[in-house]
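S.K.: here is my input; please provide its structure:
(chains A, B, C and D, ligands or ions: 2)
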Amino acid sequence: MGLEKFDPALAVHDLIQDLKWSVELRAEFAANEAAVLDCYPLRQDERRAIETRNFLALYDMGLHPYLGGQLARLIFGNEAGKGATVAVNKLVESLQGKGSVA
Amino acid sequence: MGLEKFDPALAVHDLIQDLKWSVELRAEFAANEAAVLDCYPLRQDERRAIETRNFLALYDMGLHPYLGGQLARLIFGNEAGKGATVAVNKLVESLQGKGSVA
Amino acid sequence: MAEIVFAAGAPHAPGLIGLLEAAPADVKDIVVSTYRNLASAMVSAKADVLIVFANDHLANSRIRAYPDFLIGMANEHRGPFEWFKPWIGCEDYTVKGAPEIAAALFNGMTRRGIRMFAQTENLKFDDNISVPVQLTRLAELGIPMVPVLQNCTVPPIPDQHRCYAVGEALGDFIRNDLPADMRVALLGSGGLSHEPGGARYYFIDEAFDRWFLDLVASGDHATLLKELTLEKMEAAGSGGTSELLSWVVVLGAIGSKPGKNFGYTVHRDFKCGVGAVLWDMDANLPKRRAA
Amino acid sequence: MAEIVFAAGAPHAPGLIGLLEAAPADVKDIVVSTYRNLASAMVSAKADVLIVFANDHLANSRIRAYPDFLIGMANEHRGPFEWFKPWIGCEDYTVKGAPEIAAALFNGMTRRGIRMFAQTENLKFDDNISVPVQLTRLAELGIPMVPVLQNCTVPPIPDQHRCYAVGEALGDFIRNDLPADMRVALLGSGGLSHEPGGARYYFIDEAFDRWFLDLVASGDHATLLKELTLEKMEAAGSGGTSELLSWVVVLGAIGSKPGKNFGYTVHRDFKCGVGAVLWDMDANLPKRRAA
Ligand SMILES: [Fe+3]
Ligand SMILES: [Fe+3]
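M.R.: Ligands and ions are numbered 1, 2, ... in the order given. Okay, the predicted model is just below:
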């Protein structure tokens, strides 16, 4: 579950970077996630994994784990000790075998 | 007169890249060069050398020669066999010792 | 010739700020006293500038255009970047930059065959720079900073040999290109064992951390280069532990010196082993040997 | 395993298009027949894809964020970029891309420890890609292209040893990662001697060019790596001649093979020596040896 599967060609990496860098895009993602996903050339399985919060599947496709951790915080919360703890626990739950944690 | 003096920290490199990449900026540069130069953190001697078309001085400061050739074409002309020939000849004249070719 | 008067390695886990109050007293003591010791050593050393090497954490560049080293040339460095604020729980800060030293560093590394990137605009800082800046109160100390964000996690990762060579070039640059009598501080910001974003997010490899701290304090760089492989760091926490490559850059710059640490602690909520090393820049000096 | 079925090196001076009509008949003949020969060799070889290595000429990246290799992952490649049109005097073109092969190349080089950049948006092409595309009529041939723009001019420049190693990794990638039976063409686009933007803008080093063409046609890579230094290329035309590093990448990928050229010519207005080499990919094959 390290970097062996890393595939930098995956578009999900760009989605996460843009969400991190733009308050506006984060607001739009919260309000209408599908519309934001439409803007990225995601593979079908890649999009499905994002929609179902299946980090395990995304990591198997080649998502960089550091950006995976940030995607979890973008979805579940980013405040120290609060939302970020939920995000970390959800992420770990997915990666340790549960897959989808939607 | 090669790459020994190269100083990538010089702002003139950014000016040339932007001119190359933007039709609008080129039009503004032609109409009001000083206003465009104001937007770049140029050193005093660097700005003066641009204003006086002193490629020799710019190369001595560390301008990359490939971008120097492009700056000459941005100023003197860019069409094969026509303006570009003028540009090349002006540049060579400056570099071979004349300095300012304004 | 300029001189390296301070050299240290220290972790930057975001919990060291946001989760510090909630930590047990003994853990908190180690964190606070470690950074207080580093800050006072920097002051005692009369450092004119602090160059920090730290993992970029994919904060500044796209994954398909990822530089190995990115120098901050700004006049002042402001942080943390907006999205990281709630996560770190850190105050906003503004630290003086050193644009001329940054430009000299960029040129000096270029001339020494080391490809770096450099940027005049403010970089996006997360815990990498924010944690040491806040815990050492760097803005109040008034020491200007040159941040160098480093690729510790995006393959192909410059390994311990490459990072040590970069450090050797850095040391050569400091001694030969910077103004005589300039006093330079170096910090490697990152580690210890942790696996951010991984299935073992809460894993801390205490045995690895203690081995590493002892090894870098010993000054035995031959063993370090032989044993601190990417594989070993990945095993001690994938994608996080390899931040120790920032310490390796500093070690390459200073060469073999003994160091000391200010205590090691494991606290699950930090999701990262905590311990720092300060190297003795007065050791191995010819004049000391002769005394 | 996939196979390299075509490998060549050729210059891309903009004058080869914009100033071709005005050139003397014998010069024009060499230019036209050289590229016609290369195009028909690519067709005879039934190439499924053409990977072109070519100097980026600072067309795509800022000078303080300059990658050594930049892969074009676009679905189609359109050029030339607007500002270069009058300078090259070239028609607009659209060449099929090969995004999956480009992504595989990016991943394959990453896994082999070679840092490359990759971009899904259309790259900015100047003469580097436009000249070989137009002179070989690549769009009409219908062969998809993967352009890899290379740093041949911005220090620190990856030297002949590094570029050869990149080529060896490229060859390994082609043979082991690409689909079996895929037929790959490789072109190194750049050179020969020239000094664009320099005080010797009109200088062409005929002795160097003839030495170089003979050497690369001989297949003697040990001598090539020893003697084709950056210093030697700089002496033969600063900032331009080192584009021959794109040929070195191709040579690293194919290993020692004999090659032939289609004539060499010097024409002042081209500001660049002209000559191309096509390597014999059937040479040194075990089955041929046994025959
Ligand atoms: Fe970190
Ligand atoms: Fe070229």
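
S.K.: quick check: residues of the stretch 151-291 of chain C near chain D?
M.R.: Within the stretch 151-291 of chain C, the residues that sit near chain D (CB under 8 Å from any CB of the partner chain) are C:155, C:156. C-beta here means a position set from N, CA and C on the backbone, and glycine is covered the same way.

S.K.: near ligand 1, which residues of the stretch 151-291 of chain C?
M.R.: residue C:243 (CB under 5 Å from the ion).

S.K.: and the strands in the stretch 151-291 of chain C?
M.R.: Under the criterion DSSP state E, counting those that start in this stretch, the stretch 151-291 of chain C contains strands at C:183-189, C:259-261, C:277-279.

S.K.: got it, and chain A?
M.R.: Taking DSSP state E as the criterion, chain A contains no strands.

S.K.: show me where it has helices.
M.R.: Ranges of helices within chain A are A:12-21, A:23-31, A:33-38, A:44-51, A:55-61, A:65-76, A:83-93, based on DSSP state H.

S.K.: swap in chain C?
M.R.: With DSSP H as the criterion, chain C has helices at C:15-18, C:25-44, C:85-88, C:99-111, C:127-135, C:138-141, C:160-177, C:206-218, C:221-227, C:230-235, C:245-254, C:286-290.

S.K.: excluding chain neighbours, what is closest to residue C:241?
M.R.: Excluding its sequence neighbours, the residue lying closest to residue C:241 (CB to CB, 6 or more residues apart in numbering or on different chains) is residue C:233, at 4.3 Å.

S.K.: need the contact list for the residue in the stretch 51-200 of chain C that ligand 1 sits nearest to.
M.R.: Nearest residue of the stretch 51-200 of chain C to ligand 1 (CB to the ion) works out as residue C:55 at 4.6 Å. With contact set as CB atoms under 8 Å, 6 or more residues apart in numbering or on different chains, residue C:55 has these partners: C:128, C:149, C:150, C:151, C:152, C:153, C:189, C:190, C:243, C:246.

S.K.: same check on residue C:276?
M.R.: By CB under 8 Å, 6+ apart, the contact set of residue C:276 is C:8, C:9, C:10, C:11, C:34, C:35, C:38, C:261, C:262.

S.K.: likewise residue C:80?
M.R.: Residue C:80 sits next to C:88, C:90, C:92, C:125, C:126, C:127, C:130 when contact means CB under 8 Å, 6+ apart.

S.K.: 7 Å - rerun?
M.R.: Contacts for residue C:80 (CB atoms under 7 Å, 6 or more residues apart in numbering or on different chains) come out as C:88, C:90, C:125, C:126, C:130.

S.K.: from residue C:119, how far out is it?
M.R.: 17 Å (CB to CB, to the nearest Å).

S.K.: got it, and residue C:93?
M.R.: Taking CB to CB, one finds residue C:93 at 19 Å from residue C:119.

S.K.: spatially central residue for chain A, please.
M.R.: The residue lying closest to the centre of chain A (CA atoms, centre = their mean) is residue A:71, at 3.4 Å.

S.K.: point out the residues in chain C that sit beside chain B.
M.R.: By CB under 7 Å from any CB of the partner chain, the residues of chain C that approach chain B are C:103, C:106, C:107, C:110.

S.K.: out of the strands of the stretch 151-291 of chain C, deepest packed?
M.R.: Most buried of the strands of the stretch 151-291 of chain C by mean neighbour count (mean count of other CB atoms under 10 Å in any protein chain shown) is strand C:183-189; its value is a mean of 26.

S.K.: pLDDT of it, averaged?
M.R.: Mean pLDDT, strand C:183-189: 98.

S.K.: isn't residue C:120 right up against residue C:75?
M.R.: No. Applying CB atoms under 7 Å, one finds residue C:120 not in contact with residue C:75, separated by 8.5 Å.

S.K.: more crowded one of those two?
M.R.: With neighbours defined as other CB atoms under 10 Å in any protein chain shown, residue C:120 and residue C:75 compare such that residue C:120 has more, 18 against 13.

S.K.: residues near residue A:79, how many?
M.R.: Residues near residue A:79, counting by other CB under 10 Å, number 16.

S.K.: top of the residues of chain C next to chain B by neighbour count?
M.R.: Greatest neighbour count in the residues of chain C next to chain B, by other CB under 10 Å, goes to residue C:106: 24 neighbours.

S.K.: for chain D, what's its nearest residue on chain A.
M.R.: Residue of chain A nearest chain D, by CB to the nearest CB: residue A:9 (3.9 Å).

S.K.: can I get the strands of the stretch 151-291 of chain C in JSON lines with distance to residue B:61?
M.R.: As requested, the strands of the stretch 151-291 of chain C are arranged in JSON lines below (distance: least, CB to CB, whole Å):
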{"stretch": "strand C:183-189", "distance to residue B:61": "26"}
{"stretch": "strand C:259-261", "distance to residue B:61": "42"}
{"stretch": "strand C:277-279", "distance to residue B:61": "38"}
